[in-house]
Every structure is written in structure tokens, then in C-alpha cells.
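J.: mind looking at a prediction? Sequence and model below.
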Amino acid sequence: MENLALLLSLSLLFNIISFPLPSSAVSSCNGPCRTLDDCEGQLICINSKCNDDPDVGTHICSGGGGSTPSPPSGGGGGTCQASGTLNCKGKSYPTYTCSPPVTSSTKAKLTNNDFSEGGDGGGPSECYNRYYENSERVVALSTGWYNGGSRCGKFIKIKASNGRTTTAKVVDECDSRNGCDEEHAGQPPCKNNIVDGSDAVWSALGLNKDIGIVDVTWSMA
């Protein structure tokens, strides 16, 4: 009888040890999920599987049909198509509701913006409805990367081709859907891969802001 009790105890202990624990790993395309935090990058949890966010417009999972995840792209082509066009001062500009997927080294174009009152940006920054001095390291992100304000107040790490890096706070959206009006100081819509940095960001990277636009990479800090 004692041997039987011992065997039952050992069997129960073995079952407890071998019972699979919930995984804290971040899932990629079509991977299992329960919450948004279970999915990597811009993927969201739909029907217990990680998939593209239709509101952001990414196509990382290429429709999400197969079990093999599609590798994310850090560049500007193929993964995010123009959603329309906007005519501005006789020129036609593409508009976007999405941006390329965010990776550990996301390719982008760094532009320069005056976030102070009366500067390039027109109205106050969208995140906190305020202006910023040019001495502050702040940025605006293209609409897809801005992601409805989910990155407001967060810091990103920017790396220039000269090897220098800096961090900057996200305070505004570089609108890829609208432009050419008073709110946007008459400027056309942003491209979908823009990090619009203050003078302080350019200075920290050792770049001449008069160049206007340079290639950089960025990631969440």
C-alpha cells in the first residue's frame, strides 16, 4: 500500500514538472497570443494569433495565411503602399497611413524641423499640445511610426552614417496623410519613413542641418 502511495505521489510530481508553463516569448506572424504585448513590432493579437494591424496598414505577414512568418523589412519599399495622393501647389504627393516595420535598425530619412512657436511645424506638437525649444532633442515620426500617439513621450535611438548616435523624445506626428494647409504650415505630407528632428538632434549627430535630409537608422531606446 505504501509503495502504491509513493508511486502515485511520484506520478503527480512528474505531471506537475512536465506541465508546460505559459510562454512569455514575443510571437511573430501567426504566433499564439493573448494580449498586444505578446506580439512583436507593429503586430496585434487577432483571434489568438499575431497578425497585421489593419489600422496601421502594414503587411508584415503578407495576408497571414501560412505558418511561416514573413521577415520584417527595415527599409521603405514593398511593405507599405501609398493610400492616395494630395495635390499641393501644382504637384501631386503620395499619402500614407502606414510606415515600414520597426526593427532594431529601422532605415529612415532624417529631416530638420523647428518645433518652436512660429516654426516649421505650424501648430504645437501633437503629443502634448506644446512647443519646444530648438535646444531640446525632440522628433516627429511619420504617421505609421507615430502609430496614433502610442510612441508619445518615448525615446528613440538614432544612428547617423558617420557612426554617431543620440536619443530623442517623440513629441509629434510628421503627417503622412495631410498637408498643404495652415495646420501644416503649407508643407506637403511627409513621406512614410521620416524622422523629423530638431536642431539639437542634428547637432548631437554631428550633422549640418542645411543638408536638409540624410539617411539614418533608428530603434526604440
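T.: Yep, that arrived. Residues are numbered from 1 along each chain as shown.

J.: ok, longest strand in the protein?
T.: strand 165-174 (DSSP state E).

J.: could you list the paired strands of the helix or strand following that one along with their orientation?
T.: Toward the C-terminal end, the helix or strand that comes next after strand 165-174 (DSSP states H and E) is strand 194-197. Counting by DSSP bridges, the strands paired with strand 194-197 are strand 106-112 (parallel), strand 138-142 (antiparallel).

J.: buried residues in strand 194-197?
T.: I194, V195, D196, G197 (16 or more other C-beta atoms under 10 Å). In this view, the C-beta of every residue, glycine as well, is placed from N, C-alpha and C.

J.: C-terminal to that strand, which secondary structure element comes first?
T.: Criterion used, DSSP H and E; the element after strand 194-197 is helix 199-204.

J.: kindly format the C-alpha coordinates of that next one as PDB.
T.: Provided in PDB are the C-alpha atoms of helix 199-204 (Å, rounded to 0.1, in the frame of the first residue of the first chain):
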ATOM      1  CA  ASP A 199      18.300  71.300 -34.400                       C
ATOM      2  CA  ALA A 200      19.600  69.700 -31.200                       C
ATOM      3  CA  VAL A 201      19.200  66.200 -32.800                       C
ATOM      4  CA  TRP A 202      21.200  67.200 -35.800                       C
ATOM      5  CA  SER A 203      23.900  68.800 -33.700                       C
ATOM      6  CA  ALA A 204      24.200  65.700 -31.400                       C
END
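
J.: from what I can see P188 touches K91, true?
T.: Yes - counting by C-beta atoms under 8 Å, K91 is a contact partner of P188 at 7.3 Å.

J.: need the contact list for R34.
T.: C45, S48 (C-beta atoms under 8 Å, 6 or more residues apart in numbering).

J.: is it in a helix, a strand, or coil?
T.: Three-state assignment for R34 (DSSP: H, G, I helix; E, B strand; the rest coil): coil.

J.: do a quick rundown of the strands in this protein.
T.: Under DSSP E, the chain gives strands at 44-46, 49-51, 84-88, 91-95, 106-112, 138-142, 155-160, 165-174, 194-197, 213-220.

J.: in its sheet, what does the longest one sit against?
T.: According to DSSP bridges, strand 165-174 has the following sheet partners: strand 138-142 (parallel), strand 155-160 (antiparallel).

J.: now do M1, the pLDDT please.
T.: Looking at M1, its pLDDT stands at 51.

J.: go on, I46?
T.: 74.

J.: for C80, same thing?
T.: 85.

J.: count of residues packed around it?
T.: 24 (other C-beta atoms under 10 Å).

J.: in stretch 203-213, what's buried?
T.: Buried residues in stretch 203-213 (16+ other C-beta under 10 Å): S203, A204, L205, L207, K209.
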